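Turn this into a structure:
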Amino acid sequence: RIICRNHHKRACSPTTNILFATRAQTVTMLALSLLVPSSYPVSYTNCGVTNTLTSSPQRVVTMTQGATEFMLAMGLQDKMVGTAYLDDAIWPRYAAAYNNIPVLASGYPTEAQIMGTNADFILGSFRSAFRERTWAGTRYRGIFSNETVAPCDGENSDFFPAGSNSTMSYSTCRPQLHANGIGTWLDSTSCEDSALRPTGGASEETVYAAVRQIGSIFNVPAVAEMVVSEIRNDFQIAENTVRSLSRNITAVWLDCIGCCRDANGDRTNELLFIGAGSGAPNLIMQEAGMTNAFGHIDASWSCVSVSDIIAAAPDVMVVVDASWDPAITKIDFMHNHSGFCDARFVQRADYITIPFSASTLGPRNGAAALDMVNAAIHVTTGATTMNFESGVTFFDPAVLEARTAGMMCPITSTAYDASSTTAASPTLVSEAAAQAASDTNGGMIAVLIVAIIFVVLFIATALFAFMMFKREKEGKPIFSSLNEVEMKK
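Got it, this is the predicted structure:
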């Protein structure tokens, strides 16, 4: 690939220092979470479906990378008996833990593979992770059949009373899994009923709510708060950097070519699958200070025409990179399509690439927003002060010039050289500001640790005092002499 991925060799920057510090703090919080008493049974409602757990899940299967990284972020890898559907490289900070977990399948696992793990909980980023297996005209689609928990019909499978109460396009099996002792969790931006998805689209709070709900399910609330603190820190640094940008940046988020269908139901390359106004892509662009050219569309994703993208005249194109759909193939498509030849972002190679795993709800959303700001600064001003923590990066225009030389819309050095001088490089977040954010988080954690220790000591002292009072009221001595002890023997 020609995609620059230098996060393994990054220099230690202010943001890196913060992340190293907060990982150590997470270990501390994980130890402290052992002091939290069990809160089971616990009931939770997720995408309109309520479930009650009598104990913390112990055998967990994650169906998508975003869900996998949520679990790893909270140090719950020892509870994971299987993962699936890895879209791209696991976030390096979680790689060691991930490598010890069985991979059930490169895509969705079969029901036999899931049940073979004796799973007691399943997490997924998309509603298709819980789809009933049925005949879909030309082939079977879905996972769960009559061999396991199906049929999946009725309330919270076909329709959702807590939502629109409309019949869904296909049935999911979460209530049936619950009835068979297998809990479920679904990313709220992919709720089966769109009426149950976050009002106004995904936001920072959507990410935090997901982390906290998973923390509640697994009885690690302190760790969840630490993860929230890390993500919030990245979002805050991104927001501070955005304030220094001299102009607004309009972007289109290109997810897939050939995934959309025309009016006849046939796949077409004239409709492109893009990030719309309600999902994680819009959240990341918004937090990175970008204007989503299709943010007015009330959906996480949508299909738009090539002509609509050209008319939007974006400053940058955010291109999704996945193991099963590399970003470079989308670049090749645009440079071999006559409609894109006059587009400014194509001529100047103003492309940002983002891993598909960062485009779903997950712990790296904050880091992705921060990296998106830095990548946008680079492609629009030529500035190179960046710190790629999340996998977001950019294409080398010189390499793309050589690659596109024989294509319909080749890149020329005069075009992308000019782009680096069109605006002054903005001031990035200073080391002092980043360190201040780190110190603030550190102070909050210190206060929390002291408070927890104080509460534990207070409870222990109160119990001891109560036992002494009880023995005194019963006429028993509070302490036994050594002679009495010997007599009892």
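
in the protein, which segments are predicted with low confidence?
Along the chain, segments meeting pLDDT under 70 span 1-38, 246, 383-389, 415-489.

so what secondary structure elements neighbour the lengthiest strand in the chain?
If you go by DSSP state E, the chain has its longest strand at strand 249-257. If contacts are counted by 3 or more C-beta pairs under 8 Å, 6 or more residues apart in numbering; DSSP states H and E, strand 249-257 sits against strand 271-275, helix 280-287, strand 290-292, helix 306-312, strand 316-321, helix 327-335, helix 365-381. To be clear about C-beta, it is placed using only N, CA and C from the backbone, and glycine gets the same treatment.

The ones you listed: which one's closest to G201?
helix 280-287 (5.7 Å; C-beta to C-beta).

just to revisit the earlier point, partner strands of the longest strand of the chain, parallel or antiparallel?
strand 271-275 (antiparallel), strand 290-292 (parallel), strand 316-321 (parallel) (DSSP bridges).

So for the second one, what gets flagged as buried?
Counting neighbours by 16 or more other C-beta atoms under 10 Å, one finds that the buried residues in strand 290-292 are 290, 292.

So what touches it?
248-253, 275-277, 281-282, 285-286, 316, 372, 376 (C-beta atoms under 8 Å, 6 or more residues apart in numbering).

Could you find the closest non-adjacent residue to A376?
Closest residue to A376 apart from its sequence neighbours, by C-beta to C-beta, 6 or more residues apart in numbering: I249 at 5.2 Å.

residues contacting that neighbour?
Taking C-beta under 8 Å, 6+ apart as the test, what I249 contacts is 289-291, 315-316, 376, 380.

Kindly recompute the last result at 7 Å.
289-290, 315-316, 376, 380 (C-beta atoms under 7 Å, 6 or more residues apart in numbering).

now those residues in TSV, with distance to F130?
Below are the contacts of I249 laid out as TSV (distance: C-beta to C-beta, whole Å):
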residue	distance to F130
G289	35
M290	32
D315	39
V316	35
A376	36
T380	41
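
for the helix or strand where Y44 lies, packing partners?
Applying DSSP states H and E as the criterion places Y44 in strand 42-46. When contacts are defined as 3 or more C-beta pairs under 7 Å, 6 or more residues apart in numbering; DSSP states H and E, strand 42-46 packs onto strand 49-53, helix 204-217.

Could you tell me how many residues sit around P410?
17 (other C-beta atoms under 10 Å).

Skip the chain neighbours and tell me the closest residue to it.
Nearest one to P410, counting by C-beta to C-beta, 6+ apart, is T404 at 4.6 Å.

Next, count neighbours for that neighbour.
With other C-beta under 10 Å as criterion, T404 counts 20.

pretty sure it contacts I411?
Yes: with contacts counted by C-beta atoms under 7 Å, T404 reaches I411, the gap being 5.1 Å.

Identify the contacts common to the two.
The contact lists of T404 and I411 share no entry, where a contact means C-beta under 7 Å, 6+ apart.

about what we covered before: ranking the helices and strands packed on strand 42-46 by mean neighbour count, which comes first?
Mean neighbours per residue, mean count of other C-beta atoms under 10 Å, is largest over the helices and strands packed on strand 42-46 for helix 204-217, with a mean of 20.

Run through who's touching that helix.
Under C-beta under 7 Å, 6+ apart, the answer for helix 204-217 is 42, 44, 46, 53, 57, 70, 74, 185, 187-189, 198, 221, 223-224, 227-228, 231, 235, 361, 365.

got the helices and strands packed on strand 42-46 as a markdown table, with distance to R243 columns?
Rendered in a markdown table, the data for the helices and strands packed on strand 42-46 read as follows (distance: least, C-beta to C-beta, whole Å):
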| stretch | distance to R243 |
| --- | --- |
| strand 49-53 | 40 |
| helix 204-217 | 16 |
